[in-house]
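Asker: Pasting the sequence and the predicted coordinates here, then a few questions.
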Amino acid sequence: MIIDERVLDYERIEVEKLLLLEDMIPSIFGTRETRKSRNRVIYILTPIVFLLSLLLCFHKDYSMAILGFAACIFVFIIQILYIVKVEKKEKNIHKFVWNGLSYSKIEVTDDAVMGDGVSVFDFKIIKMVIKYHNIFFFLTDRDIVGAVKIGEKQAPEFIDILNEKHISFEEKNEPFNIYTYLKKNK
């Protein structure tokens, strides 16, 4: 079976939002853009608080200076952790969505899903497939999430192949947390 569907830009944005859990984050934390603007404010205020703490040291108000230094160190550590964990994850997801979903030719054989003639997903290692609109997410033994767009005409045939291979399948119509499925499969 040759899949003739290509992932469009608006679908990539939707998949990226799904993987970034934008819809799952409460509005208290804001969107990614408001978090970034909040971080910019923190980047500006931290040196100012540090300089004010130094000024307090010169005026011999050591208790307030220690509080200021402690606040600066705490905020600095939090920012480092944010940069290391969250931004790295966001960058990897962005790279996966914009580079990993780009195949000029997708073919489903008896053994695997082939992208550009190379095996993308071997059916032996796929544990579960989740369909969200026209995008099929593959959860494997190694917890790698892969995705392929399959059109409505070819989807039933692909689902029959999954059933023949005894691969569990779920269909979702609303945004969901794919990471709960990864934890479930470990």
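Answerer: Okay, I see it.
Asker: ok, residue 165 - contacts?
Answerer: 123, 126 (C-beta atoms under 8 Å, 6 or more residues apart in numbering). For the C-beta atoms, the positions are set from N, CA and C on the backbone; glycine is no exception.
Asker: any idea how far it lies from residue 123?
Answerer: Here residue 165 is placed at a distance of 5 Å from residue 123 (C-beta to C-beta, to the nearest Å).
Asker: Could you do residue 178 as well?
Answerer: When residue 178 is compared with residue 123 (using C-beta to C-beta), they lie 20 Å apart.
Asker: Same check on residue 49?
Answerer: 56 Å.
Asker: Between these two, tell me which one has more neighbours.
Answerer: residue 123 (19 against 16; other C-beta atoms under 10 Å).
Asker: Please tell me I have it right and that one contacts residue 166.
Answerer: No. The criterion here is C-beta atoms under 8 Å, and residue 123 misses it with residue 166 at 9.6 Å.
Asker: can you pull the pLDDT of residue 14?
Answerer: You'll see residue 14 listed with a pLDDT of 78.
Asker: any idea how far it is from residue 81?
Answerer: Applying C-beta to C-beta to residue 14 and residue 81 gives a distance of 29 Å.
Asker: Give the residue from these two that has the larger number of neighbours.
Answerer: residue 14 (19 against 10).
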